[in-house]
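1. Following is a predicted model, sequence given first.
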Amino acid sequence: MARPDPPRLQESHANSPVVGVIYNPRSHRNQGKDLDFASRENVHFAQPRDHAEIRSTLEDFVERGIEYLIINGGDGTVRDVLTCGMGVFGDNWPAIAVLPKGKTNALNVDLGAPNGYNLIDAIDAYERGSRVLRRPLVVTPLDGGGTPLAGFILGTGGFTLGIQAGQDAHRMGAFNSLAVGVTAAWGVIQALFGSDANKWRRGSRMELLIGPGRTPLPHTGHGYEGRRAVMLASTLERFPVGLKLFGKHKTGLKITAMDRPRRALLAALPKILFAGPGEKAAARGLHQHAVETFEFAIEDDFILDGEAFAGGHYRVDPGPALRFVVP
């Protein structure tokens, strides 16, 4: 995927890096915290309200020569910054820190940053911490119009329903790994005991083509023709509550798809998701693959890092290599 060749970031010879902070005041755990850093000479602070303002802010950060980008918000804020930043930084991104200020913070679970990771910690970690390399997945529309999106967790079918259930869990006070566990448990219960008319069992009509050769993802033939219960894709390597969503595949771009949620498969899911897949998982309708690229076409909405986007025909590729700073 062609990306622009942006201006080189200026190097700072001071002891402290030149820092740009994207602050989302609407994030679950912010509530005005860390705002006292806005007056520091080497810290450039911004609270953009939409994509246009995020891009403008990032362009200003480049002009100011930032070496370190701190994203103060949840997974959705990260998605928006990465999406806008692809047209600003291209493949020449500064080091990045993400503060776990959202409701789920799946990226921070993968990176291993502590729950209390704050702005002071992040600035200190620039010199003292370590770097974790991750590439977001880039979702490019293929049916005309639209801007490529960048994020870390893509899902369709039951995952979309799960996000809706997760919002209910948030309203009941469940956040982070607890919210993921509540959502997963509710989905399994619905699929186990619901009828074939139940939306958790009916699945979504979708087409999945993997690799440069656009090979159709295998389907057992169980369930409604052309439908799958769920599809997930990610470049993350560790997931909340220790879930092994992609089986033996850990690094790079990965995809998991379930055909029909047959009760035998659902009964085995706890073992599969926490201990890894058995030899019969694919035969039962659970497909887990590491891929270079893939395409998906779906009528329903899909979810990228917690937000719904309109269905259509899309290609998914690994994005730019990003260096995340952790303590």
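-> Now that the structure is in, tell me what you want to look at.

2. CA atoms for contacts and neighbours, from now on please.
-> OK.

3. Now for the protein, the helix or strand with the poorest mean pLDDT.
-> helix 176-193 (a mean of 47; mean pLDDT, DSSP states H and E).

4. mind listing what Y314 touches?
-> Neighbouring residues of Y314 by Cα atoms under 8 Å, 6 or more residues apart in numbering: V139, T140, P141, L142, D143, E295, F296, A297.

5. can you pick the most crowded of the residues you listed?
-> Neighbour counts for these (other Cα atoms under 10 Å) peak at V139, which has 24 neighbours.

6. how far away is that one from G151?
-> To G151, V139 is 8 Å away according to Cα to Cα, to the nearest Å.

7. hey, where'd the helices end up in the stretch 51-200 of the chain?
-> With DSSP state H, counting those that start in this stretch as the criterion, the stretch 51-200 of the chain has helices at 51-63, 75-89, 106-111, 119-128, 158-171, 176-193, 199-202.

8. which stretch in the ones you listed is the model least sure about?
-> In terms of average pLDDT, helix 176-193 trails the rest of the helices of the stretch 51-200 of the chain, at a mean of 47.

9. Which pLDDT value belongs to the most centrally placed residue in the chain?
-> Centroid-nearest residue in the chain, with Cα atoms, centre = their mean: F152, separated by 2.4 Å. Looking at F152, its pLDDT is 95.

10. I'd like the distance between it and R135.
-> 8 Å.

11. Quick check: the gap between the residue nearest to the centre of the chain and T57.
-> 22 Å.

12. In stretch 125-135, which residues are buried?
-> Within stretch 125-135, the residues that count as buried by 16 or more other Cα atoms under 10 Å are A125, Y126, R131, R134, R135.

13. just checking, G74 touches V109?
-> No. With contact defined as Cα atoms under 8 Å, G74 does not count as touching V109 (11.6 Å).

14. which ones are touching I22?
-> F45, A46, Q47, P48, L69, I70, I71, N72.

15. element containing it, please.
-> Element membership of I22 [criterion: DSSP states H and E] is strand 19-23.

16. Can you tell me the strand partners of that strand and which way each runs?
-> strand 43-46 (parallel), strand 68-73 (parallel) (DSSP bridges).

17. what mean pLDDT does that strand have?
-> pLDDT averaged over strand 19-23 gives 93.

18. Next, the buried residues of that strand.
-> So for strand 19-23, counting by 16+ other Cα under 10 Å, buried means V19, G20, V21, I22, Y23.

19. and the angle from it to helix 51-63?
-> Inter-element angle recorded for strand 19-23 and helix 51-63: 170 degrees (by axes from the mean of the first three to the mean of the last three Cα atoms, to 10 degrees).

20. Centre of the chain to strand 19-23, how far?
-> 20 Å (Cα atoms, centre = their mean, to the nearest Å).

21. Go ahead and confirm A150 touches R135.
-> No. Applying Cα under 8 Å as the test, A150 and R135 come out as separate, 9.5 Å apart.

22. intersection of neighbour lists for those two?
-> G319.

23. Look up the residues forming beta bridges with I70.
-> Beta-bridge partners, per DSSP bridges, of I70: V21, A97.

24. picking up where we left off before, going by distance to R64, which of the buried residues of stretch 125-135 wins?
-> Nearest to R64, judged by Cα to Cα, of these is Y126 at 18.1 Å.

25. This completes my enquiry, with thanks.
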